[in-house]
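> Just a sequence and a predicted model for now, questions to come.
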Amino acid sequence: MLAEDSGLEVDALGGRPGVHSARYAPEGPPAIARLLAELEAASGRTARYVSELVAVAPRGGELRGSGILCGRIAREARGSEGFGYDPVFVPDGEERTVAELGNEWKAQNSHRARAAGALLEAIDAVDRIR
């Protein structure tokens, strides 16, 4: 079985919404509007997307892969690709939001892509041991 959970951690909000990202506000513009409103007076806007993947074998063995994408929250939503907080999340080293960078960029660089890569490395390590 494979399970995944992700969240957006915003430093100025003490790590919120974190694991509650999907329930922070209704999907789409209301969640983004709430996030931007809460950050209106914040001096820092650093944030990170975090993903954890867990694979559990039928006999109970467990492997994990974690992925983090660091960045900051933009002052306004921009872009049309992706979902969730992508229109306001600007990855480190970029000037565009994830929604502007696009789904192809996201498939290679997102926190979920990094977690999947880490999980694959864990699976490969187990295979090499055997």
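Perfect, I can see it now.
> What ranges does the protein have for its strands?
2-10, 17-18, 46-56, 62-73, 89-91 (DSSP state E).
> Pipe those strands into JSON lines and attach distance to Ile123, mean pLDDT and mean neighbour count per row.
For the C-beta atoms, the positions are set from N, CA and C on the backbone; glycine is no exception. As requested, those are exported to JSON lines (distance: least, C-beta to C-beta, whole Å; pLDDT from 0 to 100; neighbours: other C-beta atoms under 10 Å):
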{"stretch": "strand 2-10", "distance to Ile123": "11", "mean pLDDT": "94", "mean neighbour count": "18"}
{"stretch": "strand 17-18", "distance to Ile123": "27", "mean pLDDT": "92", "mean neighbour count": "17"}
{"stretch": "strand 46-56", "distance to Ile123": "7", "mean pLDDT": "96", "mean neighbour count": "20"}
{"stretch": "strand 62-73", "distance to Ile123": "6", "mean pLDDT": "97", "mean neighbour count": "18"}
{"stretch": "strand 89-91", "distance to Ile123": "26", "mean pLDDT": "98", "mean neighbour count": "23"}
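> In a markdown table: the ones you listed, plus distance to Asn103.
Shown next, in a markdown table, are those (distance: least, C-beta to C-beta, whole Å):
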| stretch | distance to Asn103 |
| --- | --- |
| strand 2-10 | 16 |
| strand 17-18 | 23 |
| strand 46-56 | 15 |
| strand 62-73 | 15 |
| strand 89-91 | 14 |
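> how far does stretch 69-77 sit from the chain's center?
With C-alpha atoms, centre = their mean, to the nearest Å as the basis, stretch 69-77 stands 12 Å off its chain's centre.
> Out of the strands of the chain, which gets nearest to Trp105?
With respect to Trp105, and counting by C-beta to C-beta, the nearest of the strands of the chain is strand 89-91 at 8.8 Å.
> For beta bridges, what are the partners of the residue lying closest to Arg23 once chain neighbours are set aside?
Nearest residue to Arg23, sequence neighbours excluded (C-beta to C-beta, 6 or more residues apart in numbering): Pro17, at 7.9 Å. Here Pro17 sits in beta bridges with Glu9, as judged by DSSP bridges.
> pretty sure Pro17 contacts Leu39?
No - assessed by C-beta atoms under 8 Å, Pro17 is found out of contact with Leu39, at 11.8 Å.
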